[in-house]
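Asks: Got a sequence here, can you build the structure:
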Amino acid sequence: MISRAIEALMSEKKDTMMIPAENVANVMVGNPLEHAFLVLSKVGYSKIPVLDKGNRFIGLLSLNDVVSKMMNIDGIDINNLSKYTVADVVDTEIATVKENCDLEDIMHLLVDAAFIPVLDDEGVFKGIVTRREILKAVNHTFHELDKKHPVSGKFILQPAASK
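Replies: Coordinates of the predicted model:
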């Protein structure tokens, strides 16, 4: 459980923790894989959200997923991409959170992921929470904590006692 004081300080940055859906590159589940390859290459991200026509979250598409479809016995063949759609390679086993989730849940998930998709109750994609934005909020908290909750003494690392 996160301390209430820590969570209160972290919540001062909650408006910047989620990157809104309209600012996140994505592809539609029915798009040709060629299109997805161009989007991934252009935006420079290794993974992007996949949505349906109702903007509901389907999963994530990675550059690695696309490149693996380009491979054949003779090497890389970009023409292979015309045979597939995003639906053929999207990873649907993705952890997500709801808009009103606990900060602690987000932090646990971000241990293993660079970002977590945020959905509303109908599964509509609302944005992402990135590890970077959470770390910026943690940094803010570390700098503000002593101002609002003074602590005496210094943190000193000591070697563990030998047995």
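Asks: And Gln158, how far from Asp121?
Replies: Computed as Cβ to Cβ, to the nearest Å, the Gln158 to Asp121 distance reads 49 Å. Heads up, the C-betas are built off the backbone N, CA and C, glycines and all.
Asks: Between those two, point out the one with more neighbours.
Replies: Asp121 (8 against 5; other Cβ atoms under 10 Å).
Asks: Now the phi/psi pair for the spatially closest residue to that one that is not a sequence neighbour, please.
Replies: Nearest non-adjacent residue to Asp121, counting by Cβ to Cβ, 6 or more residues apart in numbering: Lys98, 6.8 Å away. When read as degrees, to the nearest 10, the backbone of Lys98 gives phi -90, psi 160.
Asks: and what of the one 4 residues further on?
Replies: Listed backbone geometry of Asp102 is phi -80, psi 140, with angles given as degrees, to the nearest 10.
Asks: isn't there a strand covering Gly127?
Replies: Yes - assessed by DSSP: H, G, I helix; E, B strand; the rest coil, Gly127 belongs to a strand.
Asks: Mind pulling up the pLDDT for it?
Replies: Per-residue pLDDT puts Gly127 at 96.
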